[in-house]
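Visitor: Here is a sequence with its predicted model. Questions after.
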2 protein chains.
Amino acid sequence: MMELTILGCHSATPRENKHTSSQLLEVSGNLFLIDCGEGTQMQLRKAKVKFARIQHIFISHLHGDHFYGLIGLISTFRLLGRTAPLNIYGPKGIKEIISLQLKLAKSWTDYPLHFHELLSTKCEVIFEDQSVTVSTLPLDHRVYTNGFKFTTKVNTRKVNPNAVANLELEHFHYAQLQKGLDLTLSNGDRYENKALTLASDPPKSYAYCSDTAYHEALVPHIEGVDLLYHEATFLEKHQDLAAKTKHSTALQAAKIAQAAAVKKLVLGHYSNRYRDKQEFIAEASIVFKEVFLSEDLKTFSI
Amino acid sequence: MMELTILGCHSATPRENKHTSSQLLEVSGNLFLIDCGEGTQMQLRKAKVKFARIQHIFISHLHGDHFYGLIGLISTFRLLGRTAPLNIYGPKGIKEIISLQLKLAKSWTDYPLHFHELLSTKCEVIFEDQSVTVSTLPLDHRVYTNGFKFTTKVNTRKVNPNAVANLELEHFHYAQLQKGLDLTLSNGDRYENKALTLASDPPKSYAYCSDTAYHEALVPHIEGVDLLYHEATFLEKHQDLAAKTKHSTALQAAKIAQAAAVKKLVLGHYSNRYRDKQEFIAEASIVFKEVFLSEDLKTFSI
């Protein structure tokens, strides 16, 4: 189970009630922050998020509308008394920027701050724990940019509560069953795994792709994801601007979604020139029906 | 005539409806931005300010709550198509921070961006034009910090509209009268200056002092100013914290205002620990009566 909260979904410059890119993804109780435009910490407060729960921040690229809020959030973590480590994944250079700002302010962090600087232009796994794997999705933008794919891990089998209701199981018995192993209890009773378990739910996956030009090389890496966030800065009537600035149109985002056979598509990173966001839906749904608009503070369940 | 708009007046971290330090000072139609905490550009939009009118930005020190919004504002100026030069006055290091962020984003400004880096620990004039002089006010904080004093220039004499109502004056005649000169018109008529003019209004002055410990050395430099903004991060019950962090209490701010015989005192830079701001007024007014609270988006006429 994943839950995605859009903190900001507008491009370029933040305005009153229009925040720049930032998203919060909850996976099995862990919070991952993706991009961090100016004012993200205020949006986190509006979304009633406990700051200490964020342990990993992923920055797609070093354009301001995706990371100018990071230094402020890092400072606020300190002022709030944080002690838990914070991991930051982003393009090479991000450590230098943050470190310089802390140095000139004669400031510091009381918690361990780990930078994981990215250089590769290939998909790579950059984080993994018991419940999720995070991989980069190299994008095609004016500067070095990665999208990120989050894929949940699932146990091989799921314990069937009815089947084990009358057994006295220890915690490690559950782990054995989840791994697909047969069980021998202390009294010598033996059980085949399939007698006590059910097939697991399939893994869930979320792909974040902002900012990028139309980029077909992306398709195999996001094949079949449950939710794809793909930037749609422009509409087709401005496809020349999209090409020039290495952004996508709503139609192009939909073509990528269709080619990758994703389950749902969410659009965002809108240019401020458009008033009626329904035009994005109208344009994208020509080729891909399951399309939705991101809005600041809107939540999507995956 | 000056008008001061508080964009943010809270310390440390921005919250929903609590913005960090930034002020806009209008002097004879020119706009000066003083400090620029995260989200200042959103506050400028709320205050309906035309961004292009800001040509000078003064940064007191390099703590985040006073300048994390600067890089975003610089970027937004470019996206809005600015061509007019922008002047930034602030501690040494500010150019390196901004330049590094622009470089790593492969970004730039299409307008001239001039940095005036400050090093001196003495009062010095850092800007002057026809209508105003801006001087630094060295403060006592954990890092190198300046306050700023804005003093209007006034003409020697003010043209008396009733006295010149029946004369056909050119633009340069007005300038001569304002300088205190007698007038000879093209028809040979001569007028003594005092027959056509009145005494000018006295100059107006505004002093911005944030952040600082109680600092008596400041007093002679702000003597008699029309409005003093002095930080009051704490109340006296937390004077130990104020001393430790080199901030002031409301009472200390009032003592400075009293010693300098300023006309009005405005408090701000409140710690987030206080709910009832009236306590600041109660404490300060023990020694200085003309004391007011700053509030986000509140305006003071000087």
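Guide: Done, it's in.
Visitor: can you tell me the helix or strand for the residue of the stretch 151-300 of chain A found nearest chain B?
Guide: Of all residues in the stretch 151-300 of chain A, A:Asn272 sits closest to chain B, at 9.0 Å by CB to the nearest CB. All C-beta spots, glycine's among them, are computed from the backbone N, C-alpha and C. Counting by DSSP states H and E, no helix or strand carries A:Asn272.
Visitor: Let's see the helix or strand where A:Leu24 lies as CSV, backbone CA atoms only.
Guide: Under the criterion of DSSP H and E, A:Leu24 resides in strand A:22-27. Provided in CSV are the C-alpha atoms of strand A:22-27 (Å, rounded to 0.1, in the frame of the first residue of the first chain):
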residue,chain,number,x,y,z
SER,A,22,7.3,18.4,-4.0
GLN,A,23,5.6,15.1,-3.1
LEU,A,24,5.3,12.9,-0.1
LEU,A,25,5.1,9.1,-0.6
GLU,A,26,4.1,6.9,2.2
VAL,A,27,5.1,3.2,1.9
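Visitor: Now tell me what touches that strand from outside.
Guide: A:1-8, A:31-37, A:40, A:43-44, A:47, A:49, A:54, A:69, A:131-132, A:150, A:152, A:206, A:208, A:229 (CB atoms under 8 Å, 6 or more residues apart in numbering or on different chains).
Visitor: try it again with 7 Å
Guide: Here strand A:22-27 makes contact (CB atoms under 7 Å, 6 or more residues apart in numbering or on different chains) with A:2-8, A:31-37, A:40, A:43, A:47, A:49, A:69, A:131-132, A:150, A:152, A:206, A:208.
Visitor: and A:Arg157, what pLDDT?
Guide: pLDDT for A:Arg157: 87.
Visitor: So it is in contact with A:Thr197, correct?
Guide: Yes. Shown here, A:Arg157 and A:Thr197 form a contact pair, counting by CB atoms under 7 Å, at 3.7 Å.
Visitor: which parts of chain A sit against chain B?
Guide: Taking CB under 7 Å from any CB of the partner chain as the contact definition, chain A meets chain B at A:12-16, A:38-39, A:41-42, A:45-46, A:62-64, A:68-69, A:71-72, A:75-76, A:79, A:93, A:96-97, A:100-101, A:104-106, A:142-143.
Visitor: what about burial for those residues, which qualify?
Guide: Buried by 16 or more other CB atoms under 10 Å in any protein chain shown: A:12-14, A:38-39, A:41-42, A:45, A:62-64, A:68-69, A:71-72, A:75-76, A:93, A:97, A:100-101, A:104-105, A:142-143, out of the residues of chain A next to chain B.
Visitor: Okay, strands next: where are they in the stretch 51-200 of chain A?
Guide: A:54-58, A:86-91, A:113-118, A:125-128, A:132-138, A:146-152, A:157-159, A:183-184, A:190-191, A:197-199 (DSSP state E, counting those that start in this stretch).
Visitor: Excluding chain neighbours, what is closest to A:Lys95?
Guide: What sits nearest to A:Lys95 in space, not counting adjacent residues and going by CB to CB, 6 or more residues apart in numbering or on different chains, is A:Phe115, at 4.1 Å.
Visitor: Leaving out chain neighbours, which residue sits closest to A:Lys277?
Guide: Nearest one to A:Lys277, counting by CB to CB, 6+ apart, is A:Leu293 at 5.3 Å.
Visitor: Tell me the pLDDT of that neighbour.
Guide: For A:Leu293, the pLDDT comes out at 98.
Visitor: my read: it touches A:Phe280, true?
Guide: Yes. Assessed by CB under 7 Å, A:Leu293 is found in contact with A:Phe280 at 6.4 Å.
Visitor: and for the two, which residues touch both?
Guide: With CB under 7 Å, 6+ apart as the test, A:Leu293 and A:Phe280 both reach A:Leu267.
Visitor: Neighbour count for these two, which is higher?
Guide: A:Phe280 (25 against 18; other CB atoms under 10 Å in any protein chain shown).
Visitor: mean confidence score for the host helix or strand of the more buried one?
Guide: Following DSSP H and E, one finds A:Phe280 within helix A:278-284. The pLDDT scores in helix A:278-284 average 98.
Visitor: Name the residues that touch it?
Guide: Against helix A:278-284 from outside (CB under 7 Å, 6+ apart): A:Ala232, A:Leu235, A:Glu236, A:Ala250, A:Leu251, A:Ala253, A:Ala254, A:Leu265, A:Leu267, A:Val291, A:Leu293.
Visitor: Could you do stretch A:159-166 as well?
Guide: A:Tyr174, A:Leu177, A:Gln178, A:Ala195, A:Leu196, A:Thr197, A:Leu198.
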